[in-house]
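K.L.:
fold the following and give me the result.
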Amino acid sequence: MKNQEVIQTASKLDVKETKQLNFEAMKLLVIIVPAGYGNVFINFNKTTGVALQILDRGSGTVPIDLLEILGLDDNKKDIVFAVATATALNKILPFIEQRFIIAKKEKGIAFTIPLRALIGLTNYKYLTNSPKTLGGKVYE
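P.N.:
So this is what the prediction gives:
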(Lines give C-alpha, C1' and ligand atoms only; values in the text may rest on other atoms or scores of the structure.)
Protein backbone atom coordinates (compact mmCIF):
# COMPACT_ATOMS: atom_id res chain seq x y z
CA MET A 1 0.00 0.00 0.00
CA LYS A 2 2.79 2.46 0.81
CA ASN A 3 4.35 2.14 -2.66
CA GLN A 4 1.03 2.88 -4.36
CA GLU A 5 0.53 5.97 -2.19
CA VAL A 6 4.01 7.26 -3.07
CA ILE A 7 3.38 6.71 -6.80
CA GLN A 8 0.02 8.49 -6.62
CA THR A 9 1.56 11.41 -4.71
CA ALA A 10 4.42 11.69 -7.23
CA SER A 11 1.92 11.60 -10.11
CA LYS A 12 -0.09 14.43 -8.58
CA LEU A 13 3.10 16.48 -8.16
CA ASP A 14 4.12 15.83 -11.77
CA VAL A 15 0.75 17.14 -12.96
CA LYS A 16 1.21 20.32 -10.90
CA GLU A 17 4.78 20.75 -12.18
CA THR A 18 3.64 20.19 -15.78
CA LYS A 19 1.22 23.10 -15.48
CA GLN A 20 4.01 25.36 -14.17
CA LEU A 21 6.57 24.46 -16.87
CA ASN A 22 6.73 26.31 -20.15
CA PHE A 23 7.67 23.59 -22.61
CA GLU A 24 10.24 24.70 -25.13
CA ALA A 25 10.92 22.99 -28.43
CA MET A 26 14.01 20.79 -28.45
CA LYS A 27 16.24 19.71 -31.30
CA LEU A 28 19.07 17.26 -31.80
CA LEU A 29 22.12 19.20 -32.94
CA VAL A 30 24.71 17.29 -34.96
CA ILE A 31 28.14 18.82 -35.64
CA ILE A 32 30.74 17.03 -37.77
CA VAL A 33 34.25 18.48 -37.70
CA PRO A 34 37.83 17.22 -38.15
CA ALA A 35 39.13 15.02 -35.32
CA GLY A 36 40.26 16.98 -32.28
CA TYR A 37 37.95 19.97 -32.73
CA GLY A 38 34.74 18.54 -31.24
CA ASN A 39 35.66 19.65 -27.71
CA VAL A 40 35.58 23.31 -28.78
CA PHE A 41 31.88 22.96 -29.53
CA ILE A 42 31.13 20.80 -26.49
CA ASN A 43 32.71 23.37 -24.17
CA PHE A 44 30.72 26.22 -25.72
CA ASN A 45 27.48 24.21 -25.64
CA LYS A 46 27.92 23.69 -21.88
CA THR A 47 27.89 27.45 -21.34
CA THR A 48 24.43 27.66 -22.96
CA GLY A 49 22.93 25.06 -20.61
CA VAL A 50 22.98 21.99 -22.86
CA ALA A 51 22.63 18.99 -20.52
CA LEU A 52 23.22 16.06 -22.86
CA GLN A 53 26.10 15.84 -25.33
CA ILE A 54 27.88 12.89 -26.88
CA LEU A 55 31.20 13.07 -28.71
CA ASP A 56 31.79 10.22 -31.14
CA ARG A 57 34.73 9.49 -33.40
CA GLY A 58 34.08 8.74 -37.04
CA SER A 59 35.87 8.43 -40.32
CA GLY A 60 34.92 9.40 -43.83
CA THR A 61 34.00 6.84 -46.46
CA VAL A 62 36.36 8.07 -49.17
CA PRO A 63 39.17 5.56 -49.91
CA ILE A 64 42.61 6.63 -48.67
CA ASP A 65 44.04 6.44 -52.21
CA LEU A 66 41.60 9.10 -53.39
CA LEU A 67 42.32 11.27 -50.35
CA GLU A 68 46.02 11.22 -51.20
CA ILE A 69 45.31 12.20 -54.81
CA LEU A 70 43.18 15.14 -53.61
CA GLY A 71 45.85 16.20 -51.13
CA LEU A 72 43.70 15.56 -48.08
CA ASP A 73 45.57 14.09 -45.14
CA ASP A 74 42.95 12.72 -42.85
CA ASN A 75 39.38 11.56 -42.95
CA LYS A 76 38.91 11.15 -39.17
CA LYS A 77 36.06 13.19 -37.74
CA ASP A 78 34.54 14.23 -34.42
CA ILE A 79 30.77 13.98 -34.34
CA VAL A 80 29.00 15.93 -31.61
CA PHE A 81 25.41 15.05 -30.75
CA ALA A 82 23.66 17.52 -28.44
CA VAL A 83 20.04 17.92 -27.34
CA ALA A 84 19.32 21.64 -27.09
CA THR A 85 16.38 23.97 -26.64
CA ALA A 86 15.52 26.66 -29.15
CA THR A 87 16.90 29.31 -26.77
CA ALA A 88 20.25 27.53 -26.53
CA LEU A 89 20.36 27.01 -30.30
CA ASN A 90 19.93 30.77 -30.83
CA LYS A 91 23.35 31.14 -29.14
CA ILE A 92 25.01 27.95 -30.44
CA LEU A 93 24.31 28.21 -34.19
CA PRO A 94 25.90 31.68 -34.63
CA PHE A 95 28.95 30.43 -32.70
CA ILE A 96 29.27 27.42 -35.01
CA GLU A 97 28.91 29.62 -38.08
CA GLN A 98 31.59 31.97 -36.76
CA ARG A 99 34.00 29.09 -36.05
CA PHE A 100 33.49 27.63 -39.52
CA ILE A 101 34.21 31.03 -41.12
CA ILE A 102 37.22 31.98 -38.97
CA ALA A 103 39.04 28.67 -38.50
CA LYS A 104 40.65 27.10 -41.54
CA LYS A 105 40.92 23.59 -40.11
CA GLU A 106 37.61 23.46 -38.28
CA LYS A 107 35.45 23.39 -41.38
CA GLY A 108 32.57 21.00 -41.04
CA ILE A 109 28.82 20.73 -41.14
CA ALA A 110 26.14 21.26 -38.54
CA PHE A 111 22.43 20.58 -38.69
CA THR A 112 19.46 20.12 -36.38
CA ILE A 113 16.68 17.57 -36.25
CA PRO A 114 13.47 18.50 -34.40
CA LEU A 115 12.47 16.23 -31.52
CA ARG A 116 8.71 15.81 -31.76
CA ALA A 117 8.08 13.62 -28.71
CA LEU A 118 9.68 12.86 -25.38
CA ILE A 119 8.36 10.46 -22.78
CA GLY A 120 8.35 11.68 -19.22
CA LEU A 121 8.51 15.00 -17.45
CA THR A 122 11.70 13.97 -15.66
CA ASN A 123 13.46 13.34 -18.97
CA TYR A 124 12.35 16.71 -20.32
CA LYS A 125 13.51 18.48 -17.16
CA TYR A 126 16.90 16.75 -17.34
CA LEU A 127 17.43 17.62 -21.00
CA THR A 128 16.47 21.27 -20.46
CA ASN A 129 18.38 21.66 -17.16
CA SER A 130 15.16 22.58 -15.38
CA PRO A 131 15.39 22.62 -11.58
CA LYS A 132 14.48 19.38 -9.90
CA THR A 133 11.49 19.99 -7.65
CA LEU A 134 9.40 17.77 -5.45
CA GLY A 135 6.59 19.14 -3.36
CA GLY A 136 7.63 22.73 -4.01
CA LYS A 137 11.24 22.20 -2.83
CA VAL A 138 14.09 22.67 -5.31
CA TYR A 139 16.82 20.01 -5.35
CA GLU A 140 20.12 20.39 -7.22
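
K.L.:
tell me which helix or strand the residue positioned nearest the centre of the chain sits in.
P.N.:
Nearest to the mean C-alpha position of the chain, by CA atoms, centre = their mean, lies A82 at 1.8 Å. Secondary structure from DSSP states H and E places A82 in strand 76-85.

K.L.:
outside of that strand, which residues touch it?
P.N.:
Here strand 76-85 makes contact (CB atoms under 8 Å, 6 or more residues apart in numbering) with 24-39, 41-42, 45, 48-60, 92, 108, 115, 127-128. Heads up, the C-betas are built off the backbone N, CA and C, glycines and all.

K.L.:
strands of the protein, start to end?
P.N.:
Remark: strands assigned in the chain by DSSP state E are 26-34, 52-59, 76-85, 109-115, 132-134, 137-139.

K.L.:
got these as CSV, with distance to I69 and mean pLDDT columns?
P.N.:
Listed next are the strands of the chain as CSV, based on distance: least, CB to CB, whole Å; pLDDT from 0 to 100:
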stretch, distance to I69, mean pLDDT
strand 26-34, 19, 91
strand 52-59, 18, 89
strand 76-85, 18, 91
strand 109-115, 23, 92
strand 132-134, 55, 53
strand 137-139, 58, 54
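
K.L.:
done for today, thanks.
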